[in-house]
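K.L.:
task: produce atomic coordinates for the following.
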Amino acid sequence: MIEVFIMSEKKIIFFDIDRTLYDPDTRSIPKSTIEALRILNEREDIEIAIATGRAFYMLHIIEEIIDYINIFVLINGQIIMKDGETIYRNPIPTKDILEVVEVLDSKKMKYGFLGEFDETLNIVDDKGKEAFELVDMKLPRIDPHFYLDNNIYQMWTFCDKSNTAFFRDRFENLQIVTWLGGGFDILTKGQSKKEGIKKILEIEGIPLQDAYAIGDGDNDIEMMDFIENSVAMGNGSEACKKHAKYITDDIKKDGLVKGLIKIGLLDAKDITI
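P.N.:
Presented below is the predicted three-dimensional model:
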């Protein structure tokens with residue numbers, strides 16, 4: 001049972017991780033970003049939250065700032081954690097997983113499964129290794145039958161963007177979300193970061209007008225549409241930028257800090273960039 005609190009006077013900001021908080025090119029969080037989150041964390045009227053496509057076991061890359069955060073909307077809204085406990089789970093129905101596996105196997109494609117505590121691949125090749133190295137993620141183990149004994153919250157596959165339309169039509173009961181690179185995520189239809197955020201706002205008793213969001217990818221689009229106080233990173237996808245209220249600078253040019261200043265959560269005089 002989800003406990004709902006009375007309306008709060010707090011504001012809450014949801015951060016994407018990859019290419020928003022964390023720069024996979026440098027394999028680090030910009031120093032200005034770390035300082036900005038430290039400042040926000042010291043304010044009693046601001047709650048810091050994560051909204052990411054990653055699972056919790058993939059968050060080693062933000063260990064420098066993780067103590068500032070106690071709310072996590074994970075795997076694009078499929079799992080929600082608060083104060084160290086999982087309060088919501090939404091696995092993909094087994095019948096849909098079976099259909100996806102059958103289609104992808106028939107096309108001899110590389111794909112993976114995300115569970116709550118582990119992830120696996122059906123095969124590994126050099127291209128797959130490079131893709132995980134690019135975002136500083138540990139290469140998952142091989143287990144093409146992982147879905148038989150575990151709840152699956154997301155699948156993903158490598159695919160040329162020109163072929164994505166075929167899969168959207170083929171998997172009409174599921175949601176296909178493209179990456180900046182070559183591939184897409186497969187989720188329960190209607191589930192997204194937005195839906196996870198809606199649940200958090202209800203639990204925390206924070207009105208929508210006091211919510212803020214910063215992201216960069218196509219999986220942030222629904223979040224940008226839902227939250228009026230939204231910022232797209234300058235290095236983000238063109239689609240994400242079109243759906244955000246504000247566009248900030250590149251992550252390599254202190255874009256996150258500049259975005260926080262744009263939406264009024266940070267004062268320029270309080271931080272050096």
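K.L.:
which residues in this protein form helices?
P.N.:
31-41, 94-106, 126-134, 164-170, 193-204, 221-226, 238-243, 255-262 (DSSP state H).
K.L.:
rank the ones you listed by pLDDT, which is bottom?
P.N.:
Lowest mean pLDDT within the helices of the chain: helix 126-134, a mean of 70.
K.L.:
so what's the most centrally placed residue in the chain up against?
P.N.:
For the chain, Thr52 is the residue whose C-alpha lies nearest the centre (C-alpha atoms, centre = their mean; 1.7 Å). Listed by C-beta atoms under 8 Å, 6 or more residues apart in numbering, the contact set of Thr52 reads Asp16, Ile17, Asp18, Leu59, Phe72, Val73, Leu74, Ile75, Asn76, Lys193. Placement of C-beta: from N, CA and C, glycine included.
K.L.:
among those residues, which two are most distant?
P.N.:
Leu59 and Lys193 (15.3 Å; C-beta to C-beta).
K.L.:
with neighbour numbers in mind, choose between the two.
P.N.:
Of the pair Leu59 and Lys193, Lys193 is the one with more neighbours under other C-beta atoms under 10 Å, namely 30 against 18.
K.L.:
Ala49 is in contact with the more buried one, correct?
P.N.:
No - between Lys193 and Ala49 there is no contact under C-beta atoms under 8 Å: 10.4 Å.
K.L.:
anything in contact with each of those two?
P.N.:
Shared contacts of Lys193 and Ala49, counting by C-beta under 8 Å, 6+ apart, come down to Phe14, Val73.
K.L.:
least confident secondary structure element in the chain?
P.N.:
Lowest by mean pLDDT, DSSP states H and E among the helices and strands of the chain is helix 126-134, with a mean of 70.
K.L.:
residue boundaries of the strands in the chain?
P.N.:
11-15, 46-51, 71-74, 79-82, 85-89, 111-114, 119-121, 141-142, 154-158, 174-178, 183-188, 211-215, 229-232, 246-247 (DSSP state E).
K.L.:
so which of these is the most surrounded?
P.N.:
Highest mean neighbour count among these (mean count of other C-beta atoms under 10 Å): strand 211-215, with a mean of 28.
K.L.:
for the closest residue to Asn122 other than its chain neighbours, phi and psi?
P.N.:
Once flanking residues are discounted, Asn122 sits nearest to Pro144: 3.9 Å by C-beta to C-beta, 6 or more residues apart in numbering. Main-chain dihedrals, Pro144, degrees, to the nearest 10: phi -70, psi -10.
K.L.:
tabulate the strands of the chain (TSV), appending mean pLDDT.
P.N.:
Formatted as TSV, these follow (pLDDT from 0 to 100):
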stretch	mean pLDDT
strand 11-15	98
strand 46-51	97
strand 71-74	98
strand 79-82	96
strand 85-89	95
strand 111-114	94
strand 119-121	94
strand 141-142	93
strand 154-158	89
strand 174-178	86
strand 183-188	88
strand 211-215	98
strand 229-232	98
strand 246-247	98
